[in-house]
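1. I would like the atomic coordinates for the input below:
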Amino acid sequence: MDKQEEIEGLAILIRDLRKHKKVTLSDLAQKIGRSVGFLSQVERGLSRPTVADLTAIGEALQTPTTYFYSVSKPRALPWVTRPGERRTLYYGGGITDVLVSPTMSSGGFSMLESLLEPGATSGERPVDDSDEQGGFVLEGELTIWVDGENDEVTLRAGDSFQLPSRCRFSYANRSEQNARVLWVFA
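-> As a prediction, this is how the structure comes out:
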C-alpha cells in the first residue's frame, strides 16, 4: 500500500469502529475535546490525527491504539515481518509509525518504529495510553515531557525509557535531523 492508501485505511478503521460502537461524531468529538469537523475530516482521510488524537479516539471507543494497526499485509511466515509487509500510520505533526512486530498481541507486546521529522510532535495535549510502553532511540533526539514532572528529558541515540500504563506524556523531535525510535507496548 502507498501512503494515501494507508491514510484512507486508517480513516475507514476509525469510522467503522465508531459506528460499530454506536457513537456519534458529536459524542466522540466531545469525549476527545476536538471538533466534529476535525473528526469528519479524519474519517474521510482529509486530515491526519496526531498520536495524542488517535490515542484519545481509541480510549474513547474503549479500544487499544494497537487496533488501528490491525490491517495486515500478506506475509510468508507468520512470526516474521519484512519492510514491505508492515502496516504504517502517517500522523499529523510529522510522525510516522511502522508496526514492526508480526502481530498486535493482546497480553504480550508489540513493537513500532517511529520516524520523527525535525520539529515533529505527538500533539497539543498529552498522550494518555492504557499500555505500558518503552522505547530505544535509534537515531537523532527525542524529548519527552511527563505530566506531574517539571523537567523535560532529551534522549539521544542509544538512550532508552520505560513509562507505566496511564502515564500522561508528550514527546517531540526538537532537533534539526530526523529521529528514529523503537517503541515497545505491553
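
2. Quick check: the most centrally placed residue in the chain vs S35, distance?
-> Central residue of the chain (C-alpha atoms, centre = their mean): V51, 4.5 Å from the mean position. Look at V51 and S35: by C-beta to C-beta, to the nearest Å, they are 19 Å apart. In this view, the C-beta of every residue, glycine as well, is placed from N, C-alpha and C.

3. what does G158 give?
-> For G158, the distance to S35 equals 41 Å [C-beta to C-beta].

4. These two: who's more crowded?
-> Taking other C-beta atoms under 10 Å, G158 and S35 do not tie; S35 has more neighbours (12 against 9).

5. Name the nearest residue to that one, sequence neighbours excluded.
-> Leaving aside its chain neighbours, S35 sits nearest to A29 (5.9 Å; criterion: C-beta to C-beta, 6 or more residues apart in numbering).

6. so who does that neighbour touch?
-> Contacts for A29 (C-beta atoms under 8 Å, 6 or more residues apart in numbering) come out as 35-36, 38-39.

7. Give me the phi and psi for it.
-> phi -60, psi -40 (degrees, to the nearest 10).

8. Can you tell me the number of residues neighbouring S122?
-> Here the count is done by other C-beta under 10 Å, and S122 has 25 residues near it.

9. Check which helices and strands the longest helix along the chain is in contact with.
-> In terms of residue count, the longest helix belonging to the chain (DSSP state H) is helix 3-20. If you count contacts as 3 or more C-beta pairs under 8 Å, 6 or more residues apart in numbering; DSSP states H and E, helix 3-20 packs onto helix 36-43, strand 88-90.

10. I'd guessed W183 sits against F109; true?
-> No - contact between W183 and F109 fails when scored by C-beta atoms under 8 Å: they sit 10.2 Å apart.

11. who's more crowded, those two?
-> When W183 and F109 are compared on other C-beta under 10 Å, the one with more neighbours turns out to be W183, at 17 against 14.

12. Per-residue confidence at the more buried one, what does it come out as?
-> Per-residue pLDDT puts W183 at 95.

13. element containing it?
-> According to DSSP states H and E, W183 maps onto strand 179-185.

14. wait, isn't E113 in contact with S101?
-> No - under the criterion of C-beta under 8 Å, E113 makes no contact with S101, lying 10.0 Å away.

15. what sits in contact with each of those two?
-> In contact with both E113 and S101: no residue, using C-beta under 8 Å, 6+ apart.

16. And stretch 50-67, what's buried?
-> Neighbour counts over stretch 50-67 (16 or more other C-beta atoms under 10 Å) mark 50-61, 63-67 as buried.

17. what does stretch 27-35 give?
-> Residues of stretch 27-35 classed as buried by neighbour count (16+ other C-beta under 10 Å): 28-29, 32, 34.
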